[in-house]
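In: sequence first, predicted model second:
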Amino acid sequence: MSRRADAATAADRRRVDQAALRAGLWVGLASAAVVAIITVATVAVMIAASRPDRRPPREGGGPGARVIDLDEVAPVALALGVLGVVALAVIAWYAAQRAALPLAEALRVQRAFVADASHELRTPLTTLTSRIQLAQHRAERGGDVSSVLADLRRDAAVMDAALTDLLETAEAAGARDDDRRAVASVASAAHDAASVLAPQAAEAGVTIYVDVAPGLDVGAEGAALTRALIALLDNAVRHSPRGGAVQVTARAAGRRVEIRVVDQGAGITGIDTDRLFERFARSAAPGEGRGFGLGLALVRDIATRFGGSVQVETTSPAGTTFLLTLPARGGGPQG
């Protein structure tokens, strides 16, 4: 097992132990409180139900002596006991839920990773298949395949980086400690994403333009930023008409960098734009086939992870603009 996997396993064990300790303390304190309340209530009822003892001292009575009628106190004490048992059962149920939270979170992360990984691999694998077919076509005709092999190598590197980032994020169950120090080139990530989508865009008859100045850096991991741009470009290409264009632009805006992906599709209808970034969101418009699936949800997760945001800036029958905003890093060009 790798050192990173060992660290992740140890972190999981610590989370489970801490959850069990918190649940145990909570049960102990809550049970003590319930017992104390029942005891005080029982004593109060006994005192309230008691009456002065009128018997002479020689028969057990005397000044200050009081008599308790069991017929009056016993039903109340029994009811308080039943309430105490019910309260302890509720406490045990709630504590069990709290103790199971780490397991539920682990299952959620596992399901999210499987879904995310399958989605993230779909586009790069399609690209690799297209490039392999192109290489075979050229090789059969005695053509030069060196450029296609170079593209294959680059696409494989992008896929490897994306998988590594997914695995590390899943192991950390979210943001990682080194995310605060991450720096990525927007231009490099945009060109890598455009390269991955190039075969799919060519098949759809869509042209991708990248207009990003070199030296514009953001506070994000390069692999994660590339994943986000691949998802945005994939969405734009799929919903652009044949002969249309998709453009990626970026500019500095104070301490933030605004990255825009613009398509020439028919716009977003049948769904609130805020819901686009939910997993498996679908348009409800009659006859509308635009589905957003996991891609935009992954973009939102990546943006949030690095202190950024993503939104639909504009949408109309002339096209849609997605705005991805991330913290600026370095001294890149200013807008």
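Out: In hand now; what should we look at? It should be emphasised that the depicted structure is a prediction, and the values quoted were computed from it without experimental measurement.

In: residue 305 touches residue 224, doesn't it?
Out: Yes: counting by Cβ atoms under 8 Å, residue 305 touches residue 224, with 7.1 Å between them. Bear in mind the C-beta positions are built from the backbone N, C-alpha and C, glycine included.

In: more neighbours, those two?
Out: Legend: neighbour count by other Cβ atoms under 10 Å for residue 305 and residue 224, higher for residue 224 (25 against 19).

In: what strand or helix carries that one?
Out: For residue 224, the host element (DSSP states H and E) is helix 222-238.

In: does anything pack onto that helix? Which helices or strands?
Out: helix 70-140, helix 146-172, strand 184-185, helix 186-204, strand 245-253, strand 256-262, helix 295-305, strand 319-329 (3 or more Cβ pairs under 8 Å, 6 or more residues apart in numbering; DSSP states H and E).

In: out of these, the one nearest residue 239 is which?
Out: strand 319-329 (7.6 Å; Cβ to Cβ).

In: gap between residue 260 and residue 123?
Out: Per Cβ to Cβ, to the nearest Å, residue 260 is found 20 Å from residue 123.

In: thought residue 152 was touching residue 133?
Out: No: at 11.2 Å, residue 152 does not count as touching residue 133 under the criterion of Cβ under 8 Å.

In: who has more neighbours, these two?
Out: With neighbours defined as other Cβ under 10 Å, residue 152 and residue 133 compare such that residue 152 has more, 17 against 12.

In: enumerate every residue touching that one.
Out: If a contact means Cβ atoms under 8 Å, 6 or more residues apart in numbering, then residue 152 has 128, 131-132, 135 as its contacts.

In: let's see that with 7 Å instead.
Out: Contacts for residue 152 (Cβ atoms under 7 Å, 6 or more residues apart in numbering) come out as 128, 131.

In: what is the neighbour count of residue 255?
Out: Residue 255: 9 surrounding residues under other Cβ under 10 Å.

In: give the bridge partners for the residue nearest to it when sequence neighbours are not counted, please.
Out: Closest residue to residue 255 apart from its sequence neighbours, by Cβ to Cβ, 6 or more residues apart in numbering: residue 328 at 5.5 Å. Note on residue 328: beta-bridge partners residue 218, judged by DSSP bridges.

In: list the contacts for residue 328?
Out: Contact analysis of residue 328 by Cβ under 7 Å, 6+ apart lists 218, 252, 255-257.

In: if we go to 8 Å?
Out: Going by Cβ under 8 Å, 6+ apart, residue 328 touches 217-219, 252, 254-257.

In: mind checking which helix or strand of this structure has the lowest mean pLDDT?
Out: Scoring the helices and strands of the chain by mean pLDDT, DSSP states H and E places strand 291-293 at the bottom, with a mean of 48.

In: follow-up on the earlier one: how far away is the residue nearest to residue 255 from residue 218?
Out: In terms of Cβ to Cβ, residue 328 sits 6 Å off from residue 218.

In: swap in residue 318?
Out: The gap separating residue 318 from residue 218 is 28 Å, by Cβ to Cβ.

In: neighbour-wise, which of these two wins?
Out: With other Cβ under 10 Å as the criterion, residue 318 and residue 218 differ in neighbour count, and residue 218 comes out ahead with 28 against 11.

In: that one contacts residue 190, doesn't it?
Out: No: using Cβ under 8 Å, residue 218 is not in contact with residue 190, being 11.1 Å away.

In: any common contacting residues for those two?
Out: residue 259.

In: now do the nearest residue to residue 77 once chain neighbours are set aside, the pLDDT please.
Out: Distance criterion Cβ to Cβ, 6+ apart; nearest residue to residue 77, sequence neighbours excluded, is residue 42 at 5.4 Å. Per-residue confidence (pLDDT) for residue 42: 76.

In: check contacts around residue 42.
Out: Counting by Cβ under 8 Å, 6+ apart, residue 42 touches 76-77, 80.

In: rewinding a little: give me the mean pLDDT for the helix holding residue 224.
Out: 90.

In: likewise stretch 189-199?
Out: Across stretch 189-199, pLDDT averages out at 90.

In: re earlier: of residue 260 and residue 123, who's got more company?
Out: More crowded of residue 260 and residue 123, by other Cβ under 10 Å: residue 123, with 25 against 18.

In: isn't that one up against residue 198?
Out: No: using Cβ under 8 Å, residue 123 is not in contact with residue 198, being 11.1 Å away.

In: residue 130: how many residues sit nearby?
Out: By the criterion of other Cβ under 10 Å, residue 130 has 18 neighbours.

In: give me the pLDDT for it.
Out: 77.

In: how much space between it and residue 192?
Out: Using Cβ to Cβ, residue 130 is found at 16 Å from residue 192.

In: again with residue 83
Out: In terms of Cβ to Cβ, residue 83 sits 65 Å off from residue 192.
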